[in-house]
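>>> Okay, sequence plus prediction incoming.
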Amino acid sequence: MKKMNLPNKLTIFRIILIVPFILILLGEGSEWGWYKAIFGGIQEYVDYIALAIFIAASLTDLIDGKIARKYNLVTNFGKFMDPLADKLLVSAALVALVDLGRISAWVVIIIISREFIISGFRLVAADNRVVIAASYWGKFKTVFQMVMVCMMIANIPQLQLVTDIVMWIALILTVVSLIDYLIKNKDVMKEQK
């Protein structure tokens, strides 16, 4: 069995980081004994610790992709797990933020639904040997979603208006990028003869 390469290790590390990120973010105000023992004296910094973990996990996505392409370390495992790790990280963060009352569930449902639709589309396209390139709308959407999540994790009251504006931009870009994706790739859903 071949050893796992560095980009794939970074992808696995990103998935592992979801656990402490969620435990720290959701532990505030909990009755967990271990949580109070570790964070009891620094409760006001817990959101920033969770934010640091989220940013570190997000950065592994940039790093693993660059390394995989630069050193020709692209694998089937990486092609499957890398986008899955991204979706798990962002979805976990969004669901936790709903639990904390920092974002409405309907916003999260739209964002996660878009990811399911695109993933299904990519599966059909791959089955038909069609490669679907990422669009600029999708890249803008990702940037605004990540900024939105970071701002909501940080939970700075003085920036609430800015956070709300970023959320609305992210939501609009989520819908626009989905529509753009479906229109550009509508032939993928046609039955092959």
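Good, I have the coordinates.
>>> What are the buried residues along stretch 71-81?
75, 78, 81 (16 or more other CB atoms under 10 Å). Glycine gets a C-beta too; all of them are placed from N, C-alpha and C.
>>> Output the lowest mean pLDDT helix or strand found in the chain.
Using mean pLDDT, DSSP states H and E, helix 33-39 stands out as the lowest-scoring helix or strand of the chain, at a mean of 69.
>>> end to end, how far does stretch 68-84 reach?
Terminal residues of stretch 68-84 are spaced 16 Å apart (CA to CA, to the nearest Å).
>>> Stretch 36-48 now?
Taking CA to CA, stretch 36-48 runs 16 Å from one end to the other.
>>> how about the strands in the protein?
Using DSSP state E, the chain contains no strands.
>>> Pass me the low-pLDDT residue ranges in it, would you?
1-2, 28-34, 191-193 (pLDDT under 70).
>>> Please parse it into its domains.
In terms of domains, the chain is parsed into 1-101, 103-193 (source: automatic domain parsing).
>>> right, and out of the buried residues of stretch 71-81, which lies closest to residue 17?
Nearest to residue 17 among the buried residues of stretch 71-81: residue 81, at 14.0 Å, using CB to CB.
>>> Need the nearest residue in space to residue 177, chain neighbours excluded.
Counting by CB to CB, 6 or more residues apart in numbering, residue 137 is the residue found nearest to residue 177 once chain neighbours are left out, at 3.8 Å.
>>> okay, now the one you found: neighbour count?
By the criterion of other CB atoms under 10 Å, residue 137 has 18 neighbours.
>>> what's near enough to touch it?
Neighbour list for residue 137: 173, 176-177, 180-181 [criterion: CB atoms under 8 Å, 6 or more residues apart in numbering].
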